[in-house]
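Asks: The following block contains a protein sequence and its predicted model.
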Amino acid sequence: MTKPDRVVLIGVAGDSGCGKSTFLRRITDLFGEDFVTVICLDDYHSLDRKQRKETGITALDPRANNFDLMYEQIKTLKSGKSIMKPIYNHETGEIDPPENIDPNHIIVVEGLHPLFDERVRGLLDFSVYLDIDDEVKIAWKIQRDMAERGHSYEDVLQAINARKPDFEAYIDPQKQYADVVIRVLPTNLIKDDTERKVLRVQMIQRDGVTGFEPTYLFDEGSTIDWIPCGRKLTCSYPGIKMHYGPDVYYGNSVSVLEVDGQFDKLDEVIYIEKHLSNTSAKHPGEVTELLLQHREYPGSNNGTGLFQVLTGVKMRATYERLIQEASKVAASV
C-alpha cells in the first residue's frame, strides 16, 4: 500500500447499538477497504471488564479510558507514523498485547468517546454523531435482546436505565461538537405508534464548517415542508413527509434535513435526490446508486440510509479537498 501524503481523520461517535457498524460499512464501501483503517476506541479502555466490575466504573465513564494515550497515538498516525495500539478483547473482557497500525489515507476513530477529549477532537477533519432517541433505542433493544438473546422486557429496561446516567453525562453531550448529527426519532405520521418501524430521521448539519456545504432542499435557507408522494414516488401508509430549514443546535447555527416515513421503492429515491442541492455527489443519481448498492443494510428504506450515504459523500468531498490542499503545499515547497 502506498504511504498517504495526508492522513484524513474521521470521528464517528454514538452509543452502542445506534447503527455505527452499518455506517462504517457504508464508509468502507465508498472509499474501498484498503483505503480506510477503522480504530475502535474501546481499545483505549484502561480498566478491563473485571476491574470495571470491581470499581463500579462503567466503560462510558472517562475514568475507564486512557485519553492521553488515545491522543498521542492518533496524533502520531495523523503525522504519518505507525503506532503500537492496545487491543481490548470483547470476548474475554481483557486487554490483549498491542498491534501495529500503519497510517492510512483515511483513519476512522469510532466508539463512545471520539469527541469527548478536546485534544482528540482537535485532530479530527470530519465528525459525525449518531443520535438515537430513547423511545426508538428502547424499542430496538427490546426487539434485539428479547428475540435474539432471550432477555425479559424488565432486564432490557434495567440494562438501559443502568447506563443512562453515564450516557447522559459523558456520551450525549458530544453531539454538540459534531459536523453532522444523524438523529433517529419516532414518527409523527402515526398517532400513538409503539412499533417504531416507521421513523423520522434528521440530518443536522453544522453551518460555517470550512469546506463543508450543507445539503438543502429546494431553496437554501428557506423553511420547507414537502410531501413528495404521488405520481413520482410510491408511498404506502403512512406516506412520507420531508422538512428542511435553518435552526439553532447547542447554540450553533445548523441546517436540518428531515425524512419522516419510509421508501417503498428504493430506486425512486432518485426523485427526492433531484430536489436536493449541495449533495457533493459526483453525478446526478449517485446517492441513490450508493443506497441501492446495499439495500440490505439496516435503515436503507428510511432517512437513516439516505443520510448515512449523504454524510459519506460529504466525507469524500472533505477528503478530496484536504488532499488537494496538501499536494499544493507539497508542490510549493
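Replies: The structure has been received and is ready for your questions. Residues are numbered from 1 along each chain as shown.

Asks: which residues in the stretch 151-300 of the chain form helices?
Replies: Using DSSP state H, counting those that start in this stretch, the helices of the stretch 151-300 of the chain run over 153-166, 269-273, 286-293.

Asks: Would you reformat these as TSV and include mean pLDDT?
Replies: TSV is the format used below for these (pLDDT from 0 to 100):
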stretch	mean pLDDT
helix 153-166	82
helix 269-273	84
helix 286-293	85
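
Asks: out of the ones you listed, nearest to Asp34?
Replies: For those, the distance to Asp34 is smallest for helix 286-293, at 18.0 Å, taking CB to CB. (Each C-beta comes from the backbone N, C-alpha and C, glycine too.)

Asks: one step back: of the helices of the stretch 151-300 of the chain, give the one that comes closest to Val209.
Replies: Smallest distance to Val209 across these (CB to CB): 20.0 Å, for helix 286-293.

Asks: Past that closest one, which element shows up next along the chain?
Replies: The first helix or strand that comes after helix 286-293 along the chain, using DSSP states H and E, is helix 303-332.

Asks: Take the helices of the stretch 151-300 of the chain and write them to TSV, including distance to Gln176 and mean neighbour count.
Replies: Below are the helices of the stretch 151-300 of the chain laid out as TSV (distance: least, CB to CB, whole Å; neighbours: other CB atoms under 10 Å):
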stretch	distance to Gln176	mean neighbour count
helix 153-166	18	13
helix 269-273	29	20
helix 286-293	27	19
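
Asks: okay, these in a markdown table with distance to Val201 next?
Replies: Putting those into a markdown table (distance: least, CB to CB, whole Å) gives the following:
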| stretch | distance to Val201 |
| --- | --- |
| helix 153-166 | 21 |
| helix 269-273 | 13 |
| helix 286-293 | 13 |
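
Asks: closest to Lys3 out of those?
Replies: Closest to Lys3 of the helices of the stretch 151-300 of the chain is helix 286-293 (CB to CB; 28.2 Å).

Asks: Contacts for that closest one next, please.
Replies: 26, 29-30, 266-267, 269-270, 273, 276, 279, 281, 300, 305-306, 309-310, 312-313 (CB atoms under 8 Å, 6 or more residues apart in numbering).

Asks: Report the buried members of those residues.
Replies: Restricting the contacts of helix 286-293 to buried positions leaves 26, 29-30, 269-270, 273, 276, 279, 281, 300, 305-306, 309-310, 312-313, with burial counted as 16 or more other CB atoms under 10 Å.

Asks: closest to Gln51 among those residues?
Replies: When the buried ones among the contacts of helix 286-293 are compared against Gln51 (criterion: CB to CB), the nearest one is Arg26, at 34.8 Å.

Asks: Contacts for the helix or strand that the closest one is a member of, please.
Replies: Assigned by DSSP H and E, Arg26 belongs to helix 20-31. Under the criterion CB under 8 Å, 6+ apart, residues 10, 12, 14, 36, 38, 105-106, 108, 110-111, 128, 130, 182, 290, 293-294, 297-299, 308-309, 311-313, 315-316, 319 lie in contact with helix 20-31.

Asks: Hmm, Thr234 is touching Glu268, no?
Replies: Yes. When contacts are counted by CB atoms under 8 Å, Thr234 is listed as touching Glu268 (6.2 Å).

Asks: List the residues that contact the closest residue to Gly305 other than its chain neighbours.
Replies: Nearest non-adjacent residue to Gly305, counting by CB to CB, 6 or more residues apart in numbering: Gly299, 4.5 Å away. By CB under 8 Å, 6+ apart, the residues touching Gly299 are 19, 22, 305, 308.
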